[in-house]
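Undergrad: Return a 3D structure for these sequence lines:
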Amino acid sequence: MPADQQVKLLRILETRTFYRLGGKQLLNADFRLISATNREAEQAVRENRLRLDLYHRLNTFPVTLPPLRARGDDIVLLAQRFLDELNAAEATSKHFAPRAHAALTQHSWPGNVRELRNVIQRAYILADDVIESIEYDNFSAEPIAETAAEIVSGTAVIPAGTPLADAERKLIEAAMVDSRTLFCAEPGAQCGRHAARRERRRRIRQSHRNGSDRSPRRSEPRRGLAGLPA
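TA: Numbers count the residues shown, from 1 in each chain. As a prediction, the model looks like this:
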């Protein structure tokens, strides 16, 4: 939340009054506020992204929810709940095998309940009657990096399902790297767009100079009617 909006929210919490947009009449507000975050609020205060006075005003009765991986048997209960919903919607009676329950408790679940719901839905679609195995979304801690050969050649690896904006950004970055490489092949050469422009101007001047060194060709005078010079 931007800092100016934090000030407005704090004022409403303190005075329980507000003005409508464009209005001049002060109105009373009777409400209860429940706020939630998936980040460390104390860290946000230290980084000046959250006002300290607003933090104390919101921190009246904090409730900390542990991540899914720390909730033990709740993972199996939630998975069964999601499976029951799918069975009720599709009029089926699919169920988990014992080893599927064991696999559910061994995963770290970085995506928490949303990831669990998606995994159960995928397992439901792939299974016939009994869900024997669980397929997880394997996320790498490091972003996918192009190899040096791909960067030099001006190509980029774009996985299937990449958003259009991200794909365009990767292609532009690859093209920029490739344009810089054209003028950085020699040791000590200057790189970048300005160096590329200077190199192009130097080549144009060199081509003009080479053209002026050539001996001019003699041209015959133009003739008009009846063989007279034009």
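
Undergrad: From one end of stretch 52-69 to the other, what's the distance?
TA: Taking C-alpha to C-alpha, to the nearest Å as the measure, stretch 52-69 stretches 31 Å from start to finish.

Undergrad: pLDDT averaged over it - what is it?
TA: Stretch 52-69 shows a mean pLDDT of 88.

Undergrad: So what touches that stretch?
TA: Applying C-beta atoms under 8 Å, 6 or more residues apart in numbering, the set of residues contacting stretch 52-69 from outside is 6, 9-10, 13-14, 33, 35, 41-42, 44-45, 74-75, 78, 107-109, 112-113, 115-116. To be clear about C-beta, it is placed using only N, CA and C from the backbone, and glycine gets the same treatment.

Undergrad: and these, which of them are in strands?
TA: With DSSP state E as the criterion, strands contain none of those.

Undergrad: Buried subset of those residues, written for ChimeraX?
TA: Per 16 or more other C-beta atoms under 10 Å, the buried members of these correspond to this ChimeraX selection:
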select :6,9,10,13,41,45,75,78,107,109,115,116
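
Undergrad: domain ranges for this protein?
TA: The chain is divided into the following domains under automatic domain parsing: 3-58, 68-131, 148-210.

Undergrad: most packed of these?
TA: Most buried of the domains of the chain by mean neighbour count (mean count of other C-beta atoms under 10 Å) is domain 68-131; its value is a mean of 15.

Undergrad: now the end-to-end length of that domain.
TA: Counting by C-alpha to C-alpha, you get 21 Å between the two ends of domain 68-131.

Undergrad: and the domains of the chain as a markdown table, adding distance to Asp137?
TA: Formatted as a markdown table, the entries for the domains of the chain read as follows, by distance: least, C-beta to C-beta, whole Å:
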| stretch | distance to Asp137 |
| --- | --- |
| domain 3-58 | 18 |
| domain 68-131 | 6 |
| domain 148-210 | 12 |
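
Undergrad: Quickly, which of these bottoms out on average pLDDT?
TA: Least confidently modelled of the domains of the chain is domain 148-210, at a mean of 61 by mean pLDDT.

Undergrad: Quickly note the distance from Glu115 to Asp128.
TA: Here the criterion is C-beta to C-beta, to the nearest Å. By it, Glu115 lies 24 Å from Asp128.

Undergrad: Likewise for Phe18?
TA: 57 Å.

Undergrad: Pro62: what secondary structure?
TA: Following DSSP: H, G, I helix; E, B strand; the rest coil, Pro62 is assigned to coil.
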